[in-house]
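Kindly generate the corresponding structure for this input.
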Amino acid sequence: MTDEKDEGPMTLNVGQRVRLAADLRLAGAVTPAGEPPEEPGAFAASLSLAAGIEGTVERVDEHHRQQSHEVREYLRLKSLLDDFGTQMPPASRRQLEEQVGALEEEWAAYQRRMLRVTARVRLDNGFVLDDAPEEAFTTA
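From the prediction side, this is the model:
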């Protein structure tokens, strides 16, 4: 039994022991060894990895998501409001506050998904998962 608390996503660290949180199925074309890679594989393959397989984190990569037009506009307007709002005429300030308010939901959504973390994990069975999202793992 584990004492896992629902405090958001787990933070992965190099050297950390983790386990797969769900079953994975990898599928695709296979090219036999010795065949030119540009020739399409005559075989299809599938591999299943069961939840609970443990491994070690070898690398952690952070990917910052790009800002949408709405997020950039929120930042611009919010900065304008914070810096000059007290000096603005009341009607202009109210209009700016409404524009910022209309974009707050987009800003909040961006903050929730601002950083995407992937990892390279060497599983104990010898397989390596590369660029796997951190949500695929739990603490071992």
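
So what's the predicted local confidence for the residue positioned nearest the centre of the chain?
Central residue of the chain (CA atoms, centre = their mean): residue 116, 2.7 Å from the mean position. Listed pLDDT for residue 116 reads 81.

what about it, which SS state?
Under the three-state scheme (DSSP: H, G, I helix; E, B strand; the rest coil), residue 116 adopts strand.

List the contacts of it.
Residue 116 sits next to 62, 63, 64, 65, 133 when contact means CB atoms under 8 Å, 6 or more residues apart in numbering. Where C-beta positions appear, they are placed from N, C-alpha and C, glycine not excepted.

change it to 7 Å
By CB atoms under 7 Å, 6 or more residues apart in numbering, the contact set of residue 116 is 63, 65.

can you offset everything so residue one is 21?
In the new count, where the first residue is 21, that last one comes out as residue 136.

Distance check, it against residue 44.
According to CB to CB, to the nearest Å, residue 136 and residue 44 sit 18 Å apart.

Next: residue 33.
As judged by CB to CB, residue 33 and residue 44 stand 22 Å apart.
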